[in-house]
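In: Just a sequence and a predicted model for now, questions to come.
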Amino acid sequence: MTLEIHQFPARSDNYGVLIHDSESGMTASIDAPEAEAVKAALVEKGWRLTHIFTTHHHHDHTEGNAALKSETGCEIIGPRGDAAKIPTLDRQIGDGDTFRFGNIEVHVLETPGHTLGHISYFIPEAKVAFVGDTMFAMGCGRVFEGSHEMMWNSLSKLRALPADTTIYAGHEYTLANAQFALTIEPDNAALKARTAEVEALRGQGKPTLPTTLAKELATNPFMRAGERDVKAALGMADAADWQVFSEIRTRKDNA
């Protein structure tokens, strides 16, 4: 495996990520929250930008697209479903598509809900997924354009990835997410332990991402909406999984 990954802060609470195939020399930015932060990361690593992989159309994930494309000539790849709102796209992709990034095969998962066209990128060989704003550490994105059932189906796609998949998400929301998660599962021992870890990391100014799918399956209430313990805690033992997710998402929206 020749893939190198570099995460860096951007804007007020975004993360940018560069991925680099050392054999081909190709470098992609996962989204482009701001051009200057991406350029600084490229200089730090000594890499040349060749691609941007866009997850969705929101400004805090695409603001740097035009400037970076103008300066580097990079190819911008992104979701077919959001294409009308991302004028810088060179190549549109959708669910089930695969493409080559140097010597690495990238798989595309449509994960709508936050936006109707949101996609995630999964690299099986590296066991890594870039999920944008569909999922966060112990959280998930607000459902702005889709339905709660749609968002649950998207999270279920991510749930089906190998448990040891490393997850990169778009924002540092983990501490607030952990505090909310404890209102759903106050007796979850794994959640309490992880919250303490997150508090320590943030107290030192350190990032809480990336995470792993295994951690999310144990501590993320949005990913755990189908679990009996969660349903029982909410008094929704007989409800459909997506309805339990909807209740949790509604509570978070109103928190």
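Out: On my side now, so go ahead.

In: Please tell me how far residue 129 sits from residue 252.
Out: Using C-beta to C-beta, to the nearest Å, residue 129 is found at 22 Å from residue 252. Using the backbone N, CA and C atoms, a C-beta is placed for each residue, glycine as well.

In: typed the wrong thing, it's residue 139
Out: Note on residue 139: its distance to residue 252, by C-beta to C-beta, is 7 Å.

In: what do you get for residue 40?
Out: 33 Å.

In: ok, now residue 245?
Out: For residue 245 relative to residue 252 (C-beta to C-beta), the value is 11 Å.

In: Quick check: nearest residue in space to residue 163, chain neighbours excluded?
Out: In space, residue 163 comes closest to residue 214 once its chain neighbours are excluded; the distance is 4.3 Å by C-beta to C-beta, 6 or more residues apart in numbering.

In: and the one you found, that one's in a strand?
Out: No: Residue 214 is assigned helix when assessed by DSSP: H, G, I helix; E, B strand; the rest coil, not a strand.

In: need the contact list for residue 188.
Out: 181-182, 218-219, 229 (C-beta atoms under 8 Å, 6 or more residues apart in numbering).

In: Extract the residue ranges of the chain that are flagged as low pLDDT.
Out: The chain contains residues with pLDDT under 70 at 1.

In: Okay, helices next: where are they in it?
Out: For the chain, the helices defined by DSSP state H occupy 35-45, 59-62, 65-72, 148-159, 174-184, 189-203, 213-219, 228-233, 241-253.

In: could you dump these to a markdown table with mean neighbour count?
Out: Formatted as a markdown table, those follow (neighbours: other C-beta atoms under 10 Å):
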| stretch | mean neighbour count |
| --- | --- |
| helix 35-45 | 16 |
| helix 59-62 | 20 |
| helix 65-72 | 17 |
| helix 148-159 | 21 |
| helix 174-184 | 19 |
| helix 189-203 | 15 |
| helix 213-219 | 20 |
| helix 228-233 | 15 |
| helix 241-253 | 19 |
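
In: Which among those is found nearest to residue 85?
Out: Across these, residue 85 has its closest neighbour in helix 59-62 (8.6 Å, C-beta to C-beta).

In: hmm, back to that, so what's in contact with residue 139 and residue 252 at the same time?
Out: Here residue 139 and residue 252 have residue 180 as joint contacts, going by C-beta under 8 Å, 6+ apart.

In: hang on, isn't residue 182 packed against residue 194?
Out: No: Residue 182 lies out of contact with residue 194 (C-beta atoms under 8 Å); the separation is 10.2 Å.

In: Nearest approach to residue 81 belongs to which of the helices of the chain?
Out: Ranking those by proximity to residue 81 (C-beta to C-beta) places helix 148-159 first, at 11.7 Å.

In: quick one: the closest one to helix 241-253, angle?
Out: Orientation check (axes from the mean of the first three to the mean of the last three C-alpha atoms, to 10 degrees): helix 148-159 against helix 241-253 gives 100 degrees.

In: packing partners for helix 148-159?
Out: If you count contacts as 3 or more C-beta pairs under 8 Å, 6 or more residues apart in numbering; DSSP states H and E, helix 148-159 packs onto strand 104-110, helix 213-219, helix 241-253.

In: please redo it, this time with the cut-off set to 6 Å
Out: Judged by 3 or more C-beta pairs under 6 Å, 6 or more residues apart in numbering; DSSP states H and E, the packing partners of helix 148-159 are helix 241-253.

In: That concludes my questions; thank you for your assistance.
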